[in-house]
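In: A predicted structure for the sequence below; I have some questions about it.
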Amino acid sequence: MAEPHASPDIVIVGGGPAGAALAIALADGARAITVIEARATPPRGDTRATALSESSVRLLDALGVWPTLAGDAVPIRTVEVSQQGHYGRTRLRAEDQGVRALGQVVAYDALARALAECARGVPGVEWLAPAGVTRIDQDPDGVRLAIDGPDGHTERRARLAVAADGTRSRLREQLGIGVREYDYGQTAVLLPLDTGGDPNTGYERFTDEGPMALLPAGGRRRTLIWTLPPDRAEAMAALASDRIAERVAARLGRSFGPIIPHGPPATWPLKRVEAERGYEGRVALLGNAARTLHPVGAQGFNLALRDVCGLAAALESARDPGDGETLAAWSRARRADRWRTRLFTDVLARGFVRGGRGLGVVRAGALLGLDSCSIVRDGLAAQTMGLLGGLPRVGNWHLERRP
């Protein structure tokens, strides 16, 4: 094994969007940070739509990353929620909330690349890629990580390590932190397509087969995310493009005009995966390593980014970033937001999938009532935008709710 390098203050395992955002949020020129990333370069060609809430846009702007993304982002100014076969619907409008947009849609690879490139360019950040952690040991004063990377076998010792290495986190597994899994019994079908409708409106439509989301991607381009029972998702993925278009059109309705798919659909099973605890000793969990949520409502990365900035704020004045009291305080401060967001996604994922005429009438009535009750509608909008309960402070930025 090569000689150990100078000890960083913090090691982040995983240079995806959550890990890279944390490196940016923590970098102040005085703190030494090492990022260990499995990929040699950020992903390219992964154009899956990522819906960023208004809170995430503000946080990314505070981190200095948003200007790189803004030119290709598509603003969501209205979200329309409806149910197939019923009149009940509700609309959330940016103008009613005093903001320019409820959120923005960007390609996943553009988001990951912008964050990684920014993190690699800030002072005090060492970026090791491709690299992985083969062993982790802890003692009361620090964490020691054995790394297999571009310099061969090396070690880093730090006061805090952060696991941001995905849903099947190897670092979380090495620490012996178990997970709680909930299988929704659903499969997500993702399909890029052209269709009608307002180019700055996101549509959430609940159908007899499962919820269907349409995210704007510029002009007539959209990304469809349809949640289906596994057998129906498999059958649809095997259909020809014209047959897929027929099925989508039958559930969206005539107002959307011709449906033109681009390429075959992608599918993946849907589970909620949550770590049994958010930290262990001097190791904190972030992003999908901490929790992976159902994609309905597009809450996953947005919650992760609030966790990232909350941790950065907690560590700002900490003499020892890996101190147990500091990590416990961060976890307590983030508990309410995490609980609300998980409940929100679970209600949408489970409450609007079950069939039956009686349930359909109840849901339609709920949507009509929501559209006529501004207090409840504003609360839903605040949750959707990630602004319910306020935002963590990033550096000298105090991110109040502002247009």
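Out: Looks like it arrived, so ask away.
In: contacting residues for the closest residue to Ala40 other than its chain neighbours?
Out: Closest residue in space to Ala40, ignoring its immediate chain neighbours: Pro130 at 4.6 Å, by Cβ to Cβ, 6 or more residues apart in numbering. In short, each C-beta sits where N, CA and C put it, glycine included. The neighbourhood of Pro130, defined by Cβ atoms under 8 Å, 6 or more residues apart in numbering, consists of 37-40, 149-150.
In: from those residues, which would you call buried?
Out: If you count burial by 16 or more other Cβ atoms under 10 Å, the buried members of the contacts of Pro130 come out as 37-38, 149.
In: Just the buried residues of stretch 135-150, please?
Out: For stretch 135-150, the buried set under the neighbour-count rule, 16+ other Cβ under 10 Å, comprises 136, 138, 142-145, 147-149.
In: For those residues, give me a markdown table that also has pLDDT.
Out: Below are the buried residues of stretch 135-150 laid out as a markdown table (pLDDT from 0 to 100):
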| residue | pLDDT |
| --- | --- |
| Ile136 | 96 |
| Gln138 | 95 |
| Gly142 | 95 |
| Val143 | 96 |
| Arg144 | 96 |
| Leu145 | 96 |
| Ile147 | 95 |
| Asp148 | 94 |
| Gly149 | 87 |
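In: Rounded mean pLDDT for stretch 215-233, please.
Out: For stretch 215-233, mean pLDDT rounds to 90.
In: how far does that stretch sit from the chain's center?
Out: 17 Å (Cα atoms, centre = their mean, to the nearest Å).
In: rewinding a little: among the buried ones among the contacts of Pro130, name the ones in strands.
Out: Judged by DSSP state E, the buried ones among the contacts of Pro130 include Gly149 as members of strands.
In: nearest to Gly64, of the buried ones among the contacts of Pro130?
Out: Closest to Gly64 out of those is Glu37 (19.9 Å), distances taken as Cβ to Cβ.
In: wouldn't the closest one be in contact with Gly14 here?
Out: Yes. Applying Cβ atoms under 8 Å as the test, Glu37 and Gly14 come out as touching, 6.7 Å apart.
In: Name the helix or strand of this protein that has the lowest mean pLDDT.
Out: Sorted by mean pLDDT, DSSP states H and E, the helices and strands of the chain end with helix 357-372, the least confident at a mean of 42.
In: Low-confidence regions, the stretch 1-150 of the chain specifically.
Out: By pLDDT under 70, the low-scoring segments of the stretch 1-150 of the chain are 1-6, 29, 45-47, 84-89.
In: Go again with 80.
Out: 1-7, 28-30, 42-48, 82-90 (pLDDT under 80).
In: Now do the end-to-end distance for stretch 249-259.
Out: End-to-end distance of stretch 249-259: 6 Å, with Cα to Cα, to the nearest Å as the criterion.
In: Please apply the same query to stretch 157-175.
Out: Across stretch 157-175, the terminal residues are separated by 16 Å (Cα to Cα).
In: tell me which residues in that stretch are buried?
Out: Within stretch 157-175, the residues scored as buried using 16+ other Cβ under 10 Å are 157-166, 169-172, 174-175.
In: and what of stretch 306-323?
Out: Within stretch 306-323, the residues scored as buried using 16+ other Cβ under 10 Å are 306-315, 318, 321-322.
In: Give me the residue at the spatial middle of this structure.
Out: Taking Cα atoms, centre = their mean as the criterion, Phe301 is the residue nearest the geometric centre of the chain, at 1.4 Å.
In: hang on, that residue is in a helix, isn't it?
Out: Yes. According to DSSP: H, G, I helix; E, B strand; the rest coil, Phe301 belongs to a helix.
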